[in-house]
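Engineer: kindly generate the corresponding structure for this input.
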Amino acid sequence: MSCRPWRRAWRVGRALALALALVVSGCVGTTGHLAIASTRDIDLQDVLVDAPGPHAVGRSCIDLIVVVPTRMPNFGEAIEQALRKSGGHVLTNVRIGYEILYFPFVYGVACYVAEGDVQ
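Structural biologist: Got it, this is the predicted structure:
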């Protein structure tokens, strides 16, 4: 008989976890692809390299409070962050995407993501 309250608590916990998972929503997608991207002045020699460099990822994120964004995300900020992290000047084979994690009508985070090979 002492085992029943534990089982009931376990069921309630699972139900709450399932309800939370159904309410929180997320989305990931690709906005576009670019052959080359940079926020800096570049020399053509920086791009004409046979072997790609390391892979870098940068994000420009904003907060969504209720349904109002605090500002707009920016592709340039995402590219600049990827270059700053890697110490490079140019991203090649660039993928621009977006990520959203949102708890409806409460709070969320939306990001533009730039990733590519550093030159």
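Engineer: what lies in contact with the lengthiest helix in the chain?
Structural biologist: The longest helix of the chain (DSSP state H) is helix 4-23. Taking contacts as C-beta atoms under 8 Å, 6 or more residues apart in numbering, the residues outside helix 4-23 that touch it are 103-104. The C-beta positions use only the backbone N, C-alpha and C, and glycine is treated the same way.
Engineer: what's the average pLDDT for it?
Structural biologist: Across helix 4-23, the average pLDDT comes to 78.
Engineer: buried ones in the helix or strand immediately after that helix in the chain?
Structural biologist: Next in sequence after helix 4-23, counting helices and strands by DSSP states H and E, comes strand 25-37. Within strand 25-37, the residues that count as buried by 16 or more other C-beta atoms under 10 Å are Ala37.
Engineer: and the helix or strand following strand 25-37, average pLDDT?
Structural biologist: Following strand 25-37 in sequence order, the next helix or strand is helix 44-47 (DSSP H and E). Helix 44-47 comes out with an average pLDDT of 75.
Engineer: which other helices and strands does helix 44-47 contact?
Structural biologist: Helices and strands touching helix 44-47, by 3 or more C-beta pairs under 8 Å, 6 or more residues apart in numbering; DSSP states H and E: there are none.
Engineer: who touches the lowest-mean-pLDDT helix or strand in the chain?
Structural biologist: Lowest on mean pLDDT, DSSP states H and E among the helices and strands of the chain sits helix 44-47, with a mean of 75. Contact with helix 44-47 is made by 36, 89-90, 92, 119, as judged by C-beta under 8 Å, 6+ apart.
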